[in-house]
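A.B. asks: The sequence isn't on hand, but the structure is:
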């Protein structure tokens with residue numbers, strides 16, 4: 001189902017991407033990262049609706065950069081690498097902002113623990129895919145890909161439940177890691 005949503009988003013962005021013919025997609029990648037940092041600041045200040053809005057805008061640029069690269073035949077290995085690195089910085093910054101803002105506490109579970117689990121889980125989702133690909137398998141399986149994690153935090157911000165959103169991100173991330181490990185075990189010998 002996620003693949004169908006991705007294709008729908010790509011099709012919707014295609015006409016806009018064609019208008020960015022003179023724009024380097026890497027510029028859009030970095031712009032998306034900077035917008036994520038703004039989102040993190042708003043999370044740290046407990047201004048969750050603004051934080052969620054900027055995170056949503058960052059996600060828009062994250063989707064647009066790849067579509068601009070594809071439409072304008074500017075896909076490069078470095079662009080993919082830069083996008084991945086910027087995504088990790090953005091993930092960490094946003095969740096760190098939420099931790100700093102005291103938005104990740106749930107009952108008696110310390111917010112730093114939930115937030116740290118979400119950061120580690122998010123990083124491990126990316127790492128397991130990269131390691132599987134380095135070993136010769138495509139491991140883009142699992143329920144907690146980055147777009148899903150970002151949307152969960154955006155929705156959590158809009159309904160003022162960032163703590164539960166970050167907890168869901170942590171849980172889904174670790175489920176995805178184990179799904180990718182299981183997949184890699186099947187296909188790699």
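C.D. replies: Everything's here; your move. Keep in mind that what you see is a predicted model, and the values were worked out from it rather than measured.

A.B. asks: Every contact and neighbour count from this point should use C-alpha atoms.
C.D. replies: Will do.

A.B. asks: now the helices for this structure?
C.D. replies: Along the chain, counting by DSSP state H, helices occupy 2-18, 25-44, 48-71, 77-100, 111-134, 146-158, 162-187.

A.B. asks: Format the ones you listed as a markdown table; extra columns: mean neighbour count and mean pLDDT.
C.D. replies: Shown next, in a markdown table, are those (neighbours: other Cα atoms under 10 Å; pLDDT from 0 to 100):
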| stretch | mean neighbour count | mean pLDDT |
| --- | --- | --- |
| helix 2-18 | 14 | 76 |
| helix 25-44 | 23 | 97 |
| helix 48-71 | 22 | 94 |
| helix 77-100 | 19 | 97 |
| helix 111-134 | 19 | 96 |
| helix 146-158 | 20 | 96 |
| helix 162-187 | 20 | 96 |
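
A.B. asks: Make JSON lines from those and add distance to residue 140 to it.
C.D. replies: Below are the helices of the chain laid out as JSON lines (distance: least, Cα to Cα, whole Å):
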{"stretch": "helix 2-18", "distance to residue 140": "11"}
{"stretch": "helix 25-44", "distance to residue 140": "21"}
{"stretch": "helix 48-71", "distance to residue 140": "17"}
{"stretch": "helix 77-100", "distance to residue 140": "14"}
{"stretch": "helix 111-134", "distance to residue 140": "6"}
{"stretch": "helix 146-158", "distance to residue 140": "11"}
{"stretch": "helix 162-187", "distance to residue 140": "7"}
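
A.B. asks: got the contact list for stretch 63-76?
C.D. replies: With Cα atoms under 8 Å, 6 or more residues apart in numbering as the test, stretch 63-76 has contacts from 10, 13-14, 17-18, 20-21, 24-26, 28-29.

A.B. asks: ok, now stretch 162-169?
C.D. replies: Stretch 162-169 has contacts (Cα under 8 Å, 6+ apart) with 48, 95, 98, 103-106, 111, 114-115, 118, 122, 144, 149, 152-153, 155-156.

A.B. asks: mind redoing it with 6 Å?
C.D. replies: Here stretch 162-169 makes contact (Cα atoms under 6 Å, 6 or more residues apart in numbering) with 103-105, 114, 118, 149, 152-153, 156.

A.B. asks: How about stretch 94-111?
C.D. replies: With Cα under 6 Å, 6+ apart as the test, stretch 94-111 has contacts from 40, 43-46, 112, 162-163.

A.B. asks: how about the nearest residue to residue 181, chain neighbours excluded?
C.D. replies: Nearest non-adjacent residue to residue 181, counting by Cα to Cα, 6 or more residues apart in numbering: residue 128, 7.1 Å away.

A.B. asks: All good on my end, thank you.
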